[in-house]
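**Student:** Need a 3D model of the following:
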Amino acid sequence: MRKKLLLGLVLAMSLTFAGCLSTDDAPENNVTDEQADSSETAEESGSDIFEFELSTQNMNKDGVNADYPVFVNTNSQEIADSLNELVLNDLNDLVNGMTAETSDAGEINISISCEYSEKNSQIVSICYLGEYSGTDLAYPVSFYHSLTLNAQNGEEVYLSDLFTIDENFVNSFLGGMYTVYRDDLNLEESGVVVSEAITTSYDSTDLIDLFSSQDAFYYLNQDYIMLSVPVQNALGDHIEMSLPLERLEGNSIRDHVYWQDYGFLDGNANASEDTSEPGTGADVSMTYYENATYGYSQIYPEMFNIMVESDDGAGVTMTSDSSGFLLLIWAEYNINNLDGFSLMESAKGGYETITNYSGDADSYRVDFQEGSNEDSRAGVESGYIDGDKIIHYQLSYPIDSDAPFADIIEMMENGRTY
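**Tutor:** Here you go, the predicted model:
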(Lines give C-alpha, C1' and ligand atoms only; values in the text may rest on other atoms or scores of the structure.)
Protein backbone atom coordinates (compact mmCIF):
# COMPACT_ATOMS: atom_id res chain seq x y z
CA MET A 1 0.00 0.00 0.00
CA ARG A 2 1.36 3.41 -0.87
CA LYS A 3 2.39 5.69 1.99
CA LYS A 4 -0.17 8.36 1.16
CA LEU A 5 -2.99 5.82 1.20
CA LEU A 6 -1.73 4.48 4.50
CA LEU A 7 -1.66 7.97 5.99
CA GLY A 8 -5.23 8.52 4.84
CA LEU A 9 -6.26 5.33 6.60
CA VAL A 10 -4.41 6.37 9.74
CA LEU A 11 -6.12 9.75 9.83
CA ALA A 12 -9.48 8.14 9.16
CA MET A 13 -8.91 5.82 12.11
CA SER A 14 -7.97 8.79 14.27
CA LEU A 15 -11.14 10.61 13.30
CA THR A 16 -13.34 7.66 14.25
CA PHE A 17 -11.64 7.72 17.62
CA ALA A 18 -12.94 11.24 18.04
CA GLY A 19 -16.48 9.79 18.19
CA CYS A 20 -20.33 5.32 23.41
CA LEU A 21 -22.25 6.40 26.02
CA SER A 22 -23.95 9.68 26.69
CA THR A 23 -23.08 11.79 29.71
CA ASP A 24 -26.32 10.52 31.21
CA ASP A 25 -24.67 7.10 31.34
CA ALA A 26 -21.76 8.33 33.45
CA PRO A 27 -21.26 6.46 36.71
CA GLU A 28 -22.25 8.36 39.81
CA ASN A 29 -19.38 10.34 41.28
CA ASN A 30 -19.10 9.10 44.84
CA VAL A 31 -17.95 12.05 46.93
CA THR A 32 -17.00 11.41 50.55
CA ASP A 33 -17.89 13.84 53.36
CA GLU A 34 -14.19 14.76 53.53
CA GLN A 35 -14.12 15.58 49.81
CA ALA A 36 -17.32 17.61 50.13
CA ASP A 37 -15.89 19.64 53.01
CA SER A 38 -12.71 20.19 51.00
CA SER A 39 -14.73 21.32 47.99
CA GLU A 40 -16.79 23.75 50.11
CA THR A 41 -13.62 25.21 51.59
CA ALA A 42 -12.14 25.62 48.10
CA GLU A 43 -15.32 27.30 46.80
CA GLU A 44 -15.04 29.82 49.65
CA SER A 45 -11.37 30.57 48.92
CA GLY A 46 -12.16 33.25 46.35
CA SER A 47 -9.20 32.27 44.17
CA ASP A 48 -9.25 33.42 40.55
CA ILE A 49 -7.35 30.26 39.57
CA PHE A 50 -9.39 27.11 39.13
CA GLU A 51 -8.02 24.66 41.69
CA PHE A 52 -8.66 20.93 41.55
CA GLU A 53 -7.50 17.40 42.19
CA LEU A 54 -7.79 14.46 39.79
CA SER A 55 -9.34 11.10 40.65
CA THR A 56 -10.01 7.94 38.63
CA GLN A 57 -13.53 6.84 37.73
CA ASN A 58 -14.59 3.62 36.02
CA MET A 59 -17.15 3.03 33.29
CA ASN A 60 -18.33 -0.59 33.14
CA LYS A 61 -21.32 -1.44 30.97
CA ASP A 62 -22.28 -2.98 27.63
CA GLY A 63 -18.91 -4.70 27.16
CA VAL A 64 -16.92 -1.53 27.95
CA ASN A 65 -14.59 -1.37 30.94
CA ALA A 66 -12.79 1.98 30.96
CA ASP A 67 -10.95 4.12 33.48
CA TYR A 68 -10.91 7.90 33.09
CA PRO A 69 -10.04 10.94 35.24
CA VAL A 70 -12.49 13.29 36.94
CA PHE A 71 -11.94 16.74 38.47
CA VAL A 72 -12.73 16.72 42.22
CA ASN A 73 -12.16 18.89 45.32
CA THR A 74 -12.41 22.07 43.28
CA ASN A 75 -13.10 25.71 44.06
CA SER A 76 -15.62 25.87 41.19
CA GLN A 77 -18.04 23.00 40.74
CA GLU A 78 -19.38 24.63 37.59
CA ILE A 79 -15.97 24.55 35.88
CA ALA A 80 -15.34 21.01 37.19
CA ASP A 81 -18.67 19.81 35.78
CA SER A 82 -17.85 21.34 32.41
CA LEU A 83 -14.38 19.73 32.29
CA ASN A 84 -15.72 16.36 33.45
CA GLU A 85 -18.30 16.52 30.66
CA LEU A 86 -15.54 17.24 28.12
CA VAL A 87 -13.47 14.28 29.33
CA LEU A 88 -16.43 11.91 29.33
CA ASN A 89 -17.66 13.06 25.92
CA ASP A 90 -14.17 12.43 24.49
CA LEU A 91 -14.16 8.94 25.97
CA ASN A 92 -17.68 8.27 24.67
CA ASP A 93 -16.66 9.42 21.20
CA LEU A 94 -13.64 7.10 21.33
CA VAL A 95 -15.77 4.09 22.25
CA ASN A 96 -18.52 4.99 19.78
CA GLY A 97 -15.96 5.23 16.98
CA MET A 98 -14.60 1.76 17.67
CA THR A 99 -18.09 0.32 18.03
CA ALA A 100 -19.09 1.74 14.64
CA GLU A 101 -15.88 0.45 13.01
CA THR A 102 -16.51 -3.07 14.32
CA SER A 103 -20.26 -3.30 13.74
CA ASP A 104 -19.82 -6.59 11.86
CA ALA A 105 -17.34 -8.11 14.34
CA GLY A 106 -19.90 -9.80 16.58
CA GLU A 107 -19.99 -9.19 20.33
CA ILE A 108 -17.39 -6.54 21.17
CA ASN A 109 -15.45 -6.11 24.43
CA ILE A 110 -13.43 -2.93 25.01
CA SER A 111 -10.93 -2.48 27.84
CA ILE A 112 -9.28 0.90 28.49
CA SER A 113 -6.77 2.03 31.11
CA CYS A 114 -5.71 5.64 31.61
CA GLU A 115 -2.83 7.74 32.89
CA TYR A 116 -2.94 11.46 33.56
CA SER A 117 -0.79 14.33 34.76
CA GLU A 118 -1.26 18.03 35.49
CA LYS A 119 1.09 20.98 35.51
CA ASN A 120 0.67 24.18 37.52
CA SER A 121 -3.12 23.70 37.73
CA GLN A 122 -3.16 24.64 34.06
CA ILE A 123 -2.55 21.77 31.67
CA VAL A 124 -4.02 18.30 32.18
CA SER A 125 -2.74 15.55 29.90
CA ILE A 126 -4.56 12.22 29.61
CA CYS A 127 -3.60 9.10 27.68
CA TYR A 128 -5.68 5.98 27.18
CA LEU A 129 -4.28 2.56 26.32
CA GLY A 130 -6.86 0.01 25.29
CA GLU A 131 -7.76 -3.10 23.41
CA TYR A 132 -10.92 -4.36 21.79
CA SER A 133 -11.86 -7.87 20.70
CA GLY A 134 -14.87 -9.37 19.00
CA THR A 135 -16.34 -12.81 18.62
CA ASP A 136 -15.90 -12.49 14.86
CA LEU A 137 -12.49 -10.76 14.92
CA ALA A 138 -9.40 -12.83 14.11
CA TYR A 139 -7.32 -11.10 16.81
CA PRO A 140 -7.57 -8.30 19.39
CA VAL A 141 -6.74 -4.78 18.29
CA SER A 142 -4.80 -2.35 20.49
CA PHE A 143 -5.23 1.42 20.40
CA TYR A 144 -3.77 4.59 21.93
CA HIS A 145 -5.71 7.80 22.47
CA SER A 146 -4.97 11.07 24.23
CA LEU A 147 -6.58 14.30 25.35
CA THR A 148 -4.81 17.40 26.69
CA LEU A 149 -6.84 20.25 28.20
CA ASN A 150 -6.23 23.73 29.52
CA ALA A 151 -8.12 23.39 32.80
CA GLN A 152 -8.43 27.17 33.18
CA ASN A 153 -10.39 27.78 29.97
CA GLY A 154 -11.62 24.29 29.01
CA GLU A 155 -9.90 24.34 25.62
CA GLU A 156 -8.17 21.34 24.08
CA VAL A 157 -4.41 21.75 23.66
CA TYR A 158 -3.10 20.34 20.40
CA LEU A 159 0.47 19.25 19.82
CA SER A 160 0.93 22.07 17.31
CA ASP A 161 -0.06 24.58 20.02
CA LEU A 162 3.05 23.59 21.99
CA PHE A 163 5.62 22.86 19.28
CA THR A 164 6.61 23.94 15.81
CA ILE A 165 6.23 20.75 13.80
CA ASP A 166 9.06 20.48 11.30
CA GLU A 167 11.87 18.18 10.16
CA ASN A 168 13.77 18.72 13.42
CA PHE A 169 10.72 17.69 15.45
CA VAL A 170 10.31 14.54 13.34
CA ASN A 171 14.00 13.62 13.68
CA SER A 172 13.78 14.08 17.46
CA PHE A 173 10.73 11.80 17.52
CA LEU A 174 12.47 9.10 15.50
CA GLY A 175 15.46 9.30 17.86
CA GLY A 176 13.28 8.98 20.95
CA MET A 177 13.08 6.06 23.37
CA TYR A 178 10.80 3.22 22.27
CA THR A 179 8.21 2.54 24.97
CA VAL A 180 7.03 -1.05 25.49
CA TYR A 181 3.33 -1.14 26.36
CA ARG A 182 2.78 -4.92 26.34
CA ASP A 183 4.85 -7.57 28.13
CA ASP A 184 4.55 -9.98 25.21
CA LEU A 185 5.52 -7.43 22.54
CA ASN A 186 8.94 -5.81 22.54
CA LEU A 187 9.92 -4.82 19.03
CA GLU A 188 13.55 -4.11 19.90
CA GLU A 189 14.03 -7.51 21.54
CA SER A 190 12.55 -9.01 18.38
CA GLY A 191 15.28 -7.35 16.33
CA VAL A 192 13.15 -4.55 14.91
CA VAL A 193 14.78 -1.15 14.45
CA VAL A 194 11.81 0.90 15.59
CA SER A 195 12.68 4.12 13.74
CA GLU A 196 12.97 2.14 10.51
CA ALA A 197 9.66 0.41 11.18
CA ILE A 198 8.01 3.82 11.46
CA THR A 199 9.66 5.29 8.37
CA THR A 200 8.54 2.25 6.37
CA SER A 201 4.97 3.52 6.79
CA TYR A 202 5.58 7.26 7.01
CA ASP A 203 7.97 9.59 5.27
CA SER A 204 9.00 12.88 6.87
CA THR A 205 6.17 14.82 5.25
CA ASP A 206 3.61 12.27 6.45
CA LEU A 207 4.84 12.62 10.04
CA ILE A 208 4.85 16.42 9.86
CA ASP A 209 1.26 16.33 8.57
CA LEU A 210 0.17 13.83 11.25
CA PHE A 211 1.77 15.69 14.17
CA SER A 212 0.45 19.02 12.85
CA SER A 213 -3.11 17.74 12.74
CA GLN A 214 -5.63 17.81 15.59
CA ASP A 215 -5.49 14.00 15.56
CA ALA A 216 -1.91 13.82 16.86
CA PHE A 217 -1.76 11.60 19.95
CA TYR A 218 0.66 12.69 22.68
CA TYR A 219 1.04 12.61 26.46
CA LEU A 220 2.89 15.15 28.61
CA ASN A 221 4.56 14.24 31.87
CA GLN A 222 6.67 16.50 34.07
CA ASP A 223 9.86 16.28 32.00
CA TYR A 224 9.09 14.17 28.94
CA ILE A 225 6.60 13.78 26.13
CA MET A 226 5.27 10.55 24.62
CA LEU A 227 4.28 10.59 20.95
CA SER A 228 2.20 7.86 19.32
CA VAL A 229 1.69 6.79 15.71
CA PRO A 230 -0.62 4.06 14.38
CA VAL A 231 1.12 1.16 12.62
CA GLN A 232 0.15 -2.20 11.20
CA ASN A 233 -1.14 -4.92 13.55
CA ALA A 234 2.02 -7.03 13.22
CA LEU A 235 3.94 -4.18 14.90
CA GLY A 236 1.38 -3.79 17.67
CA ASP A 237 -1.15 -1.38 16.07
CA HIS A 238 0.66 1.67 17.45
CA ILE A 239 4.17 2.72 18.49
CA GLU A 240 5.05 5.20 21.24
CA MET A 241 8.34 7.05 21.49
CA SER A 242 9.32 9.05 24.60
CA LEU A 243 11.83 11.86 24.70
CA PRO A 244 12.88 14.48 27.25
CA LEU A 245 11.31 17.89 26.71
CA GLU A 246 14.79 19.37 26.59
CA ARG A 247 15.29 17.65 23.23
CA LEU A 248 12.46 19.75 21.81
CA GLU A 249 13.26 23.12 23.36
CA GLY A 250 14.23 24.53 19.98
CA ASN A 251 10.72 23.72 18.70
CA SER A 252 8.76 24.88 21.74
CA ILE A 253 6.24 27.70 21.28
CA ARG A 254 7.31 29.52 24.40
CA ASP A 255 4.41 31.95 24.78
CA HIS A 256 2.02 29.05 25.48
CA VAL A 257 0.95 28.85 29.12
CA TYR A 258 2.41 25.33 29.39
CA TRP A 259 5.95 26.74 29.27
CA GLN A 260 5.45 29.61 31.71
CA ASP A 261 7.48 27.99 34.54
CA TYR A 262 9.66 25.71 32.44
CA GLY A 263 13.39 26.14 32.95
CA PHE A 264 14.85 26.31 29.45
CA LEU A 265 18.49 25.35 29.18
CA ASP A 266 19.28 28.53 27.25
CA GLY A 267 17.66 30.72 29.89
CA ASN A 268 13.92 31.08 30.38
CA ALA A 269 12.48 34.55 29.98
CA ASN A 270 9.07 33.09 30.89
CA ALA A 271 10.13 31.69 34.27
CA SER A 272 8.60 33.52 37.21
CA GLU A 273 11.59 32.96 39.49
CA ASP A 274 15.04 31.45 39.69
CA THR A 275 14.55 27.82 40.63
CA SER A 276 18.20 26.90 41.01
CA GLU A 277 19.38 25.89 44.47
CA PRO A 278 22.79 25.85 46.12
CA GLY A 279 24.56 22.61 45.39
CA THR A 280 23.16 22.20 41.89
CA GLY A 281 25.20 22.16 38.71
CA ALA A 282 25.17 25.96 38.66
CA ASP A 283 27.80 25.85 41.45
CA VAL A 284 30.08 23.37 39.67
CA SER A 285 33.24 24.85 38.16
CA MET A 286 33.59 23.91 34.50
CA THR A 287 36.53 24.12 32.12
CA TYR A 288 37.37 22.97 28.57
CA TYR A 289 39.39 20.03 27.32
CA GLU A 290 41.13 21.01 24.06
CA ASN A 291 42.24 18.34 21.59
CA ALA A 292 44.74 19.50 18.98
CA THR A 293 44.93 16.22 17.03
CA TYR A 294 41.25 16.23 16.01
CA GLY A 295 40.58 19.92 16.60
CA TYR A 296 37.68 19.83 19.07
CA SER A 297 36.79 21.04 22.57
CA GLN A 298 34.58 19.56 25.27
CA ILE A 299 33.41 21.27 28.43
CA TYR A 300 33.76 19.21 31.63
CA PRO A 301 33.71 19.75 35.42
CA GLU A 302 36.98 20.59 37.15
CA MET A 303 36.31 17.89 39.76
CA PHE A 304 38.02 15.56 37.25
CA ASN A 305 41.55 16.38 38.27
CA ILE A 306 43.47 13.29 37.09
CA MET A 307 43.99 13.17 33.33
CA VAL A 308 45.65 10.59 31.04
CA GLU A 309 45.86 11.34 27.31
CA SER A 310 45.41 8.42 24.90
CA ASP A 311 48.45 7.21 22.95
CA ASP A 312 46.83 7.98 19.58
CA GLY A 313 45.91 11.53 20.59
CA ALA A 314 42.20 10.94 20.08
CA GLY A 315 41.12 11.84 23.59
CA VAL A 316 41.55 11.55 27.32
CA THR A 317 40.55 9.50 30.39
CA MET A 318 39.74 11.54 33.49
CA THR A 319 39.07 10.49 37.08
CA SER A 320 38.36 12.36 40.29
CA ASP A 321 40.64 11.20 43.12
CA SER A 322 38.89 8.39 45.00
CA SER A 323 35.29 9.39 44.24
CA GLY A 324 34.75 6.72 41.58
CA PHE A 325 33.90 9.28 38.91
CA LEU A 326 35.07 8.44 35.38
CA LEU A 327 35.01 10.58 32.23
CA LEU A 328 36.19 9.51 28.79
CA ILE A 329 36.38 11.96 25.90
CA TRP A 330 37.44 10.81 22.44
CA ALA A 331 37.10 11.41 18.71
CA GLU A 332 37.22 9.31 15.56
CA TYR A 333 36.84 9.84 11.84
CA ASN A 334 33.39 9.02 10.49
CA ILE A 335 34.70 6.69 7.79
CA ASN A 336 31.38 4.83 7.50
CA ASN A 337 29.28 8.01 7.21
CA LEU A 338 27.20 7.08 10.26
CA ASP A 339 24.36 9.30 11.46
CA GLY A 340 23.19 9.94 15.02
CA PHE A 341 20.58 7.16 14.87
CA SER A 342 23.19 4.55 13.91
CA LEU A 343 25.55 5.75 16.63
CA MET A 344 22.73 5.55 19.17
CA GLU A 345 21.88 1.96 18.22
CA SER A 346 25.54 0.97 18.41
CA ALA A 347 26.01 2.59 21.82
CA LYS A 348 22.90 0.91 23.24
CA GLY A 349 24.50 -2.51 22.75
CA GLY A 350 27.38 -1.67 25.08
CA TYR A 351 25.56 -1.42 28.39
CA GLU A 352 23.68 -3.74 30.76
CA THR A 353 20.61 -1.55 31.34
CA ILE A 354 19.46 1.35 29.17
CA THR A 355 17.37 3.92 31.06
CA ASN A 356 16.89 6.44 28.25
CA TYR A 357 18.15 7.16 24.77
CA SER A 358 17.66 9.63 21.98
CA GLY A 359 19.18 10.53 18.65
CA ASP A 360 18.83 12.62 15.56
CA ALA A 361 20.69 13.02 12.28
CA ASP A 362 23.78 14.54 13.90
CA SER A 363 23.93 13.41 17.55
CA TYR A 364 22.99 10.73 20.04
CA ARG A 365 22.73 10.10 23.77
CA VAL A 366 22.34 6.87 25.79
CA ASP A 367 21.72 6.87 29.56
CA PHE A 368 22.66 3.62 31.30
CA GLN A 369 23.14 1.70 34.55
CA GLU A 370 25.58 -1.10 35.27
CA GLY A 371 26.53 -3.38 38.16
CA SER A 372 24.46 -4.30 41.21
CA ASN A 373 24.12 -3.40 44.89
CA GLU A 374 27.02 -1.31 46.19
CA ASP A 375 28.80 -1.52 42.81
CA SER A 376 25.94 0.02 40.81
CA ARG A 377 26.93 2.83 38.47
CA ALA A 378 24.94 5.22 36.31
CA GLY A 379 26.09 7.29 33.41
CA VAL A 380 25.63 8.65 29.94
CA GLU A 381 27.35 8.22 26.59
CA SER A 382 26.83 11.05 24.15
CA GLY A 383 28.28 12.21 20.87
CA TYR A 384 27.86 14.42 17.86
CA ILE A 385 29.03 14.51 14.25
CA ASP A 386 31.31 17.41 13.35
CA GLY A 387 32.16 17.37 9.64
CA ASP A 388 34.13 14.17 8.99
CA LYS A 389 34.62 13.45 12.71
CA ILE A 390 32.56 12.04 15.60
CA ILE A 391 33.17 13.48 19.07
CA HIS A 392 32.09 11.34 22.05
CA TYR A 393 32.12 11.42 25.80
CA GLN A 394 31.18 8.85 28.43
CA LEU A 395 30.55 9.91 32.01
CA SER A 396 29.89 7.36 34.79
CA TYR A 397 29.64 7.52 38.57
CA PRO A 398 28.42 5.49 41.61
CA ILE A 399 24.64 5.46 41.52
CA ASP A 400 24.41 6.62 45.14
CA SER A 401 26.60 9.68 44.52
CA ASP A 402 25.17 12.98 45.72
CA ALA A 403 27.14 14.98 43.15
CA PRO A 404 24.83 17.01 40.82
CA PHE A 405 25.46 14.92 37.71
CA ALA A 406 22.10 15.69 36.08
CA ASP A 407 23.11 19.37 35.99
CA ILE A 408 26.68 18.55 34.96
CA ILE A 409 25.46 16.46 32.02
CA GLU A 410 23.14 19.29 30.91
CA MET A 411 26.08 21.69 30.88
CA MET A 412 28.27 19.21 28.99
CA GLU A 413 25.53 18.66 26.42
CA ASN A 414 24.99 22.38 25.86
CA GLY A 415 28.55 23.63 26.16
CA ARG A 416 30.19 21.78 23.31
CA THR A 417 32.29 23.54 20.71
CA TYR A 418 31.00 22.44 17.29
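
**Student:** Just give me the residue closest to the centre of the chain.
**Tutor:** Centrality entry for the chain: nearest residue to the mean C-alpha point is residue 225, 2.6 Å, by Cα atoms, centre = their mean.

**Student:** Would you map the strands across the stretch 151-300 of the chain?
**Tutor:** Read by DSSP state E, counting those that start in this stretch, the stretch 151-300 of the chain holds these strands, from start to end of the chain: 155-156, 177-179, 217-220, 224-230, 238-244, 286-291, 296-301.

**Student:** any idea which helix or strand comes after the last one?
**Tutor:** Once strand 296-301 ends, the next helix or strand along the chain (criterion: DSSP states H and E) is strand 306-309.

**Student:** What strands flank that next one, and is each parallel or antiparallel?
**Tutor:** The sheet places strand 306-309 alongside strand 315-319 (antiparallel), with pairing taken from DSSP bridges.

**Student:** rewinding a little: point out the most buried one among the strands of the stretch 151-300 of the chain.
**Tutor:** Most buried of those by mean neighbour count (mean count of other Cβ atoms under 10 Å) is strand 217-220; its value is a mean of 23. Where you see a C-beta, it was placed from the backbone N, CA and C, and this is true even at glycine.

**Student:** follow-up on the earlier one: looking at the strands of the stretch 151-300 of the chain, spot the one closest to residue 58.
**Tutor:** Comparing the strands of the stretch 151-300 of the chain by their distance to residue 58 (Cβ to Cβ), the top pick is strand 217-220, with 20.1 Å.

**Student:** low pLDDT regions in the stretch 301-418 of the chain?
**Tutor:** Under the criterion of pLDDT under 70, the regions of the stretch 301-418 of the chain flagged as low confidence span 322, 415-418.

**Student:** hang on, the earlier thing: distance to residue 207 for the strands of the stretch 151-300 of the chain - can I get that in JSON lines?
**Tutor:** As requested, the strands of the stretch 151-300 of the chain are exported to JSON lines (distance: least, Cβ to Cβ, whole Å):
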{"stretch": "strand 155-156", "distance to residue 207": "21"}
{"stretch": "strand 177-179", "distance to residue 207": "16"}
{"stretch": "strand 217-220", "distance to residue 207": "13"}
{"stretch": "strand 224-230", "distance to residue 207": "7"}
{"stretch": "strand 238-244", "distance to residue 207": "11"}
{"stretch": "strand 286-291", "distance to residue 207": "37"}
{"stretch": "strand 296-301", "distance to residue 207": "32"}
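
**Student:** and residue 332, how far is that from residue 293?
**Tutor:** When distances are taken as Cβ to Cβ, to the nearest Å, residue 332 and residue 293 turn out to be 11 Å apart.

**Student:** got the end-to-end distance for stretch 191-206?
**Tutor:** Across stretch 191-206, the straight-line distance between its terminal residues is 25 Å, by Cα to Cα, to the nearest Å.

**Student:** likewise stretch 238-253?
**Tutor:** Terminal residues of stretch 238-253 lie 27 Å apart, using Cα to Cα.

**Student:** now stretch 213-225
**Tutor:** Its first and final residues considered, stretch 213-225 spans 17 Å by Cα to Cα.

**Student:** Check stretch 162-172 too.
**Tutor:** This stretch, stretch 162-172, spans 15 Å end to end (Cα to Cα).

**Student:** can you check stretch 150-160 too?
**Tutor:** With Cα to Cα applied, stretch 150-160 spans 14 Å between its terminal residues.

**Student:** now stretch 184-191
**Tutor:** With Cα to Cα as the measure, the ends of stretch 184-191 fall 14 Å from one another.

**Student:** ok so, going back, would you mind grabbing the residues shared as contacts by residue 332 and residue 293?
**Tutor:** residue 314 (Cβ atoms under 8 Å, 6 or more residues apart in numbering).

**Student:** So which of those two has more stuff around it?
**Tutor:** Using other Cβ atoms under 10 Å as the criterion, residue 332 and residue 293 rank with residue 332 on top: 15 against 12.

**Student:** From residue 386, how far out is the more buried one?
**Tutor:** Using Cβ to Cβ, one gets 11 Å for the distance from residue 332 to residue 386.

**Student:** before we move on, what about residue 215?
**Tutor:** 38 Å.

**Student:** got it, and residue 399?
**Tutor:** For residue 399, the distance to residue 386 (Cβ to Cβ) stands at 31 Å.

**Student:** just residue 111 next, same as before
**Tutor:** When distances are taken as Cβ to Cβ, residue 111 and residue 386 turn out to be 50 Å apart.

**Student:** When these two are compared, which one has more neighbours?
**Tutor:** A direct count of neighbours by other Cβ under 10 Å for residue 111 and residue 386 places residue 386 higher, at 18 against 15.

**Student:** Ok, which of the strands of the stretch 151-300 of the chain comes nearest residue 352?
**Tutor:** Judged by Cβ to Cβ, the one of the strands of the stretch 151-300 of the chain that comes nearest to residue 352 is strand 177-179, at 16.6 Å.
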